[in-house]
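>>> Pasted the sequence and its predicted model underneath.
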Amino acid sequence: LALETLQAALGRAGPEAMINLERARNLASLDQPLMALGALEVADHLGLRAFSSLEEAEEFTPLRKERRFQSVHSNVRNRIYPCEGITAPNSFDFWLGSWEVRLADGTLVGRSEVRKQEGGCSVTEDWSGTGGSEGSSINYYMPSRDQWRQIWVGSGGTLIDIVGGPDEGGMRLEGTIEYVRQDQVLAFRGTWELLDDGRVRQHFEEFNLVAQGWNTWFEGYYRLILDDEVE
């Protein structure tokens, strides 16, 4: 009866991809794996996007090791999370993790959580300084420009907007910093460098209009926090 109802819905031009997904579930529950796989392939061809249903449906458990099912699964996942299918959004992966951040002299200045989010399309940082400062950034790759962009907002009223890309195993971005209180915008640039010992050196520079040169704005060394160091 369920299959007949779904077939009638197809005849009324219903949402065909989802209807074929439901047909596949019913056919799988009736122990008709080949027909179920065929219905899944039709749903995939029609642009199926119901990735959670595909993953969670118990009826598909016997089919999950089948090459045809895995192909449909891969296609739907790539449709939902397209950034996973290209390599450029992985350029900032060396910065992912839970970090403590110190100055060159070893002074602890804060902690940072850097995560991949939005289906791998962005890298976000949540910063907590030892002096009470807070800030966050979103970093994302723009295929149309073949560039990365970072937008940072800090609790002290600093707004950073910089773009660029990978540079000698790290990342280099350039743009501007804006100070809310001073109503001032200056040229700004930053580099991230993966060091041999596993730390990441982050170096920000601001252009000094008076001296007509670049001054270090911040230089921090990110060290991964090990599991036994978590409070």
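Sure thing, it's come through.
>>> show me what contacts residue 36?
23-25, 27-28, 59-60, 63 (C-beta atoms under 8 Å, 6 or more residues apart in numbering). All C-beta atoms are positioned from the backbone trio N, CA, C, and that covers glycine.
>>> So what's the gap between the helix or strand it falls within and the chain middle?
Residue 36 is part of helix 33-45 when elements are defined by DSSP states H and E. The chain centre lies 30 Å from the centre of helix 33-45; the measure is C-alpha atoms, centre = their mean, to the nearest Å.
>>> And stretch 71-87, by the same measure?
14 Å.
>>> How about it, which residues are buried there?
72-73, 76-77, 83 (16 or more other C-beta atoms under 10 Å).
>>> which of the residues you listed lies closest to residue 53?
Nearest to residue 53 among those is residue 76, at 9.5 Å by C-beta to C-beta.
>>> which residues touch that closest one?
Contact analysis of residue 76 by C-beta under 8 Å, 6+ apart lists 44, 48-51, 54.
>>> follow-up on the earlier one: any chance of the buried residues of stretch 71-87 in a markdown table, with distance to residue 140 and secondary structure too?
Below are the buried residues of stretch 71-87 laid out as a markdown table (distance: C-beta to C-beta, whole Å; DSSP: H, G, I helix; E, B strand; the rest coil):
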| residue | distance to residue 140 | secondary structure |
| --- | --- | --- |
| 72 | 28 | helix |
| 73 | 26 | helix |
| 76 | 23 | helix |
| 77 | 20 | helix |
| 83 | 9 | helix |
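>>> any idea which of those is least confident?
Scanning the buried residues of stretch 71-87 for pLDDT, the low point is residue 83. It has 89.
>>> show me where pLDDT drops low in the protein?
The chain contains residues with pLDDT under 70 at 1-14, 228-231.
>>> Tell me which stretches of this structure form strands.
Remark: strands assigned in the chain by DSSP state E are 97-102, 108-117, 122-129, 134-142, 147-154, 158-167, 170-179, 184-194, 200-208, 213-224.
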